[in-house]
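Undergrad: Based on what follows, work out the 3D shape:
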Amino acid sequence: MIAAGTSAFTNSSTASDSAASLSATLNTPRCTIILATALVKVTNNWGMPILCRALLDSGSQLNFVSERLAVQLGIHRNFSQTEISGIGDYNVSIRHSICTTITSNTSAYSAELTFLILSRISEPQPECNVNISQWNLLANLQLADPLFFKPQKIDMLLGAEIYVDLLINEQFRLADHLPIFQNTKLGWIVTGRLSAIKHSSLLANKITTTSIASLELLLRQFWEIETHAHSNKILTAEEKLCEAHFSSTVQRAENGRFIVSLPFKQPPSVLGESLTTAKRRFFALERKLAKNSSLKKQYIQFMSEYETLHHMKRLGNYADFVANKEM
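TA: Down below sits the predicted model:
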């Protein structure tokens, strides 16, 4: 996101700040910029929709969700070491992402997207209450955000990946001094310059990168120190074997995950025969679940989710599996 102004810019960041922010103060003529917002439904970990407020930003190469929304969704987080560059070459390091489906609140449109997780997306939008009593809005206009004129929290940012795909070739202005109404697959969005706002002689547009800047700096310095401390470390024979094992067995799966074979000091055969014990415990678990339908339902749901997330997979016939391992 980019905000332009006609006077002083200030960049603030202290150890107690929860975010680094860039503010631009606009003097006369008095005006404000309304950023495009929309209500969208986001599918959570249990397949249920959660309504959230999204900011549409064609200037962003990536999509984002707030930490608050990520917790609500309960979706498994993927490790994603990503460096984000913003205004003034300000860099933010992001460690996690989630994948989920968004659905329009006004149509059948949906899209599966990947979102990086930020502690906060931006300040509430718009920056102040906008009086629309004299706008003469069309009664049957399906707004993407019916309360676009009231400052509210932003929990999602939809970037250029999806922005153009959302647009429909329809737009209009109610008056020259009012913002543009643009039709999209999420409903009509309202965006653009709004002149002659009378609530104040000074207005401020604040864009928050929400990176917990001081903490990010401390973490970066910590890892740099750790890297330097271990760069000349003399490895033991066992550590050398571990590194050699990693280098010879590591591979990258199609979904981006790294796969490494488990290291053994001795052949697994020294563990002996454990199938009988495993079966006995499994049958004991089945008997326990048969007596408690609620626990059984939770157990099945958990194991199904575990399989869906590819944390485990079916082996098929055990005898065939053993035969393939021996070949």
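
Undergrad: In contact with Ser66, which residues are there?
TA: Counting by CB atoms under 8 Å, 6 or more residues apart in numbering, Ser66 makes contact with 117-121, 154-156. From N, CA and C alone the C-beta is placed, and that goes for glycine too.

Undergrad: Just give the closest residue to it, not the sequence neighbours.
TA: Nearest non-adjacent residue to Ser66, counting by CB to CB, 6 or more residues apart in numbering: Asp155, 4.5 Å away.

Undergrad: Look up how far Trp188 lies from the one you found.
TA: Between Asp155 and Trp188 the distance is 21 Å, computed by CB to CB, to the nearest Å.

Undergrad: quick one on the thing from earlier: I'd assumed Ala54 was in contact with the residue nearest to Ser66.
TA: Yes - in this structure, Asp155 is within contact of Ala54 by CB atoms under 8 Å, at 7.4 Å.

Undergrad: Can you get me a residue count around the residue nearest to Ser66?
TA: If you count neighbours by other CB atoms under 10 Å, Asp155 ends up with 24.

Undergrad: so how far is Arg193 from it?
TA: 25 Å.

Undergrad: Over to Asn183?
TA: For Asn183, the distance to Arg193 - CB to CB - is 19 Å.

Undergrad: got it, and Asp89?
TA: 27 Å.

Undergrad: now swap in Ser107 and tell me
TA: For Ser107 relative to Arg193 (CB to CB), the value is 28 Å.

Undergrad: domains in the protein, as residue ranges please.
TA: 9-217, 236-264, 278-327 (automatic domain parsing).

Undergrad: Turn those domains into JSON lines, including mean pLDDT and distance to Val270.
TA: What follows is those, written out as JSON lines (pLDDT from 0 to 100; distance: least, CB to CB, whole Å):
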{"stretch": "domain 9-217", "mean pLDDT": "81", "distance to Val270": "34"}
{"stretch": "domain 236-264", "mean pLDDT": "85", "distance to Val270": "9"}
{"stretch": "domain 278-327", "mean pLDDT": "81", "distance to Val270": "16"}
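
Undergrad: Highest mean neighbour count out of those?
TA: Greatest average neighbour count among those goes to domain 9-217 (a mean of 16), per mean count of other CB atoms under 10 Å.

Undergrad: Run the chain-centre distance for the longest strand along the chain.
TA: Scanning the chain for the longest strand, with DSSP state E as the assignment, gives strand 91-104. Distance, stretch centre to chain centre, for strand 91-104: 2 Å (CA atoms, centre = their mean, to the nearest Å).

Undergrad: Can you name the next helix or strand after it?
TA: Counting by DSSP states H and E, the element after strand 91-104 in chain order, helix or strand, is strand 110-118.

Undergrad: helices and strands around that following strand, which ones?
TA: If contacts are counted by 3 or more CB pairs under 8 Å, 6 or more residues apart in numbering; DSSP states H and E, strand 110-118 sits against strand 64-66, helix 67-73, strand 78-85, strand 91-104, helix 160-166.

Undergrad: Give the pairing partners of that strand; include direction for each.
TA: strand 64-66 (parallel), strand 91-104 (antiparallel) (DSSP bridges).

Undergrad: export these to a markdown table and tack on distance to Asp176?
TA: Formatted as a markdown table, these follow (distance: least, CB to CB, whole Å):
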| stretch | distance to Asp176 |
| --- | --- |
| strand 64-66 | 34 |
| strand 91-104 | 30 |
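
Undergrad: distance between the ends of stretch 41-60?
TA: End-to-end distance for stretch 41-60: 21 Å, by CA to CA, to the nearest Å.

Undergrad: Could you check how far it is from the centre of its chain?
TA: 10 Å.

Undergrad: ok, now stretch 276-287?
TA: 40 Å.

Undergrad: Show me the contact partners of that stretch.
TA: Under CB under 8 Å, 6+ apart, the answer for stretch 276-287 is an empty list.

Undergrad: Restrict that stretch to CA atoms and write it as CSV.
TA: Extracted in CSV, the C-alpha atoms of stretch 276-287 (Å, rounded to 0.1, in the frame of the first residue of the first chain):
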residue,chain,number,x,y,z
THR,A,276,2.1,-58.1,18.1
THR,A,277,2.4,-55.4,20.8
ALA,A,278,1.2,-52.7,18.4
LYS,A,279,-1.9,-54.8,17.5
ARG,A,280,-2.7,-55.4,21.1
ARG,A,281,-2.6,-51.7,21.9
PHE,A,282,-4.6,-50.9,18.8
PHE,A,283,-7.4,-53.4,19.7
ALA,A,284,-7.4,-52.0,23.3
LEU,A,285,-8.0,-48.5,21.8
GLU,A,286,-10.8,-49.8,19.6
ARG,A,287,-12.5,-51.3,22.7
